[in-house]
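Student: here's my sequence, what's the structure:
(chains A and B)
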Amino acid sequence: MTAAVIFTKKEWLESWRTHRFLILTVVFLIFGILSPLMAKLLPALLKGGLGGVKIAVPTPTSLDSWTQYYKNMTQMGIYVFALMLGGYVSQEIQQGTLVNLVTKGLPRWSVIIGKAFVGLLLWFWCVGSAFVMTWAYTAYYFPDTRSPHVVLAFVPLVIFGFFFLSVLVLGSILASNNYGGLLFTVVVVALLYMARMVKGWQHFNPISLISDNMKILVGADALTKLWPAMVTAVVLALGLFWAAIKVLDQKKL
Amino acid sequence: MSILTLQHVSKSFGSKHVLRDLNLTVPTGSIYGFVGENGAGKTTTMKLILGLDRADSGDIEVAGEQVRFGETATNRQTGYLPDVPAFYGYMTATEYLRMCGQLTGLRGTALASRVTAMLKRVGLASASHRIGGFSRGMRQRLGIAQALLTMPKLLICDEPTSALDPQGRTEFLDLLASLRGQTTILFSTHILSDVERICDHVGILHQGRLQVSASLADLKQQYAKPQVRLTFETAVQAKQAATLLMPLQHHNHVQQVTQSAGEVAVAYAGIYAAAADRILTALLAVRLVPLTFSQEEANLDQIFMEVVQ
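Tutor: Got it, this is the predicted structure:
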């Protein structure tokens, strides 16, 4: 276990010194600030853009702000995250940086554990800081009571991140280069979106965790419906991390 | 007593057989030169010894303990310097060595003093900037520092000198030579002069098999023939001389005659004076006078060429 702690420390130092942490923080903070701002400014922008044509634009509420947040997180945020972590494992194998450590007695599984742990911390920090930012600005711009379950709606997004990270890590090990890992992740996400068309599977599909957040925001009942998807996501993620360990065990270094 | 033995080890990549029934024994305390042309399978052999790759068949033992693919306990006994050592460019040399030391179980003051001593030994004590800005030579020195950090019984170096400049090479070889008596070194290379400088044992890998393995002195005695080298003013003269000496081959001390451009090399057996007499008599009889006439002792290059032919 000590080896896993040593490797986790190294992973953390890497994220810090290669500016991965900084870049992700800045990008997600921008998302966090931009979400309520866009909701606030969109009606004014629409009016201005139509050049005097009168249309009825409803007054924005906190719901619009949160809609923007989940859109930004799930349509851009996760891909920025994937880009920053695309070569998470493949780079170490390609460059041979693991050779010195493995021959010093670093168990291969601790590579995956360390990377999963730091990756998860990064995800939580990214979506969390953006969440706090959006929450604060939403409360400031839209002091209404239309979004009662702010935290509950956020929970599935965090869990999806755990699943997403496991896909990213496995993809990064299977592929021999950075882009192969990204491609694998994009293909898996696309397949999950397609699987949403099968009605009976919807409650189990991890992609529901980033599709139904707005429903939870207004009615906590929606979260209970997502239990199967949350359990599926966690079980799948654990399975994928286990598979990643097994694949790395067999890799020539 | 041998620290490393490989028995009937085979390894293929697809249809390419890299190692075929390789047998190798490295005596404890030796500096073993593991020689072979590029692509002969030296790196593959080393990766198998370290459990970084899986052998198709055969047994590998380090200090009497079996090597297993993946996590092998035998790595406690070994230090490894890869051909191009890869580090984390965002760390300093001290940070990197500390991490390596921690992985091997070193802690506290023991770790700190070992790291400081190693950095001093390889001449990196004053390098406080990050590894990303290190030159090739500095990386190689950091590589040897991490390999020696645990004071291993067996040090495995994969072509450590091929990328260094002459000064760096000399320094590196001196460092390796200074370890004689402290640790056994398996040292792969295709630079034969490096082997002659520091190794006491040599193994020549060719077509996936160890063609010879012996002490350098035995090898020279067994394989090498001393020779006389003659240079002529023109290639025509050299050719004429070679034609004249050819009939003497395999008797009268003269073993083999080879010619290229203006040079003729005559391998001989027995006493130099007798061989020289035969050659000069034959040449002077037709008034063929060489520009230079010199005697050369056998070197590893000749042995290598002879073995791989």
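
Student: from now on I want contacts and neighbour counts done on CA atoms only, so please keep to that.
Tutor: Fine.

Student: ok, residue 13 - how many residues close by?
Tutor: As the question left the chain open, I've gone with chain A. Residues lying near A:Leu13 (other CA atoms under 10 Å in any protein chain shown) number 15.

Student: you looked at the wrong chain, it should be chain B
Tutor: 9.

Student: ok, what's across the strand from it?
Tutor: B:Lys16 (DSSP bridges).

Student: what distance do you get for it to B:Ala55?
Tutor: 10 Å (CA to CA, to the nearest Å).

Student: now do A:Glu14
Tutor: When A:Glu14 is compared with B:Ala55 (using CA to CA), they lie 34 Å apart.

Student: okay, these two: which has more neighbours?
Tutor: For A:Glu14 versus B:Ala55, neighbours defined as other CA under 10 Å are more numerous around B:Ala55 (21 against 17).

Student: doesn't that one belong to a helix?
Tutor: No - assessed with DSSP: H, G, I helix; E, B strand; the rest coil, B:Ala55 is coil; it does not lie in a helix.

Student: contacting residues for the closest residue to it other than its chain neighbours?
Tutor: Nearest non-adjacent residue to B:Ala55, counting by CA to CA, 6 or more residues apart in numbering or on different chains: B:Lys11, 5.3 Å away. Applying CA atoms under 8 Å, 6 or more residues apart in numbering or on different chains, we find B:Lys11 in contact with B:His17, B:Val18, B:Leu19, B:Arg20, B:Ala55, B:Asp56, B:Ser57.

Student: OK, contacts around A:Asp249?
Tutor: When contacts are counted by CA under 8 Å, 6+ apart, A:Asp249 touches A:Arg108, A:Trp109, B:Gly70.

Student: mind checking which of those residues land in helices?
Tutor: Among these, the members falling in helices (DSSP state H) are A:Arg108, A:Trp109.

Student: least confident of the contacts of A:Asp249?
Tutor: Looking at the contacts of A:Asp249 by pLDDT, the weakest one is B:Gly70, with 82.

Student: excluding chain neighbours, give the residue nearest to it in space.
Tutor: Excluding the flanking residues, the one nearest B:Gly70 by CA to CA, 6+ apart is B:Gly51, at 5.4 Å.

Student: for the one you found, helix, strand, or coil?
Tutor: coil.

Student: and the stretch 101-250 of chain B, which of its residues are near chain A?
Tutor: B:Gln102, B:Leu103, B:Thr104, B:Gln146 (CA under 8 Å from any CA of the partner chain).

Student: give me the contacts around stretch A:144-158.
Tutor: Contacts of stretch A:144-158 (CA under 8 Å, 6+ apart): A:61-63, A:123-124, A:127, A:131, A:209-210, A:213-220, A:223, A:230.

Student: buried subset of those, written for PyMOL?
Tutor: Buried residues among these (16 or more other CA atoms under 10 Å in any protein chain shown), as a PyMOL selection:
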select buried, chain A and resi 61+62+63+123+124+127+131+209+210+213+214+216+217+218+223+230
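
Student: can you flag which of the contacts of stretch A:144-158 belong to helices?
Tutor: A:62-63, A:123-124, A:127, A:131, A:213-218, A:223, A:230.

Student: which pair of the residues you listed spans the longest distance?
Tutor: A:Ser62 and A:Met230 (25.8 Å; CA to CA).
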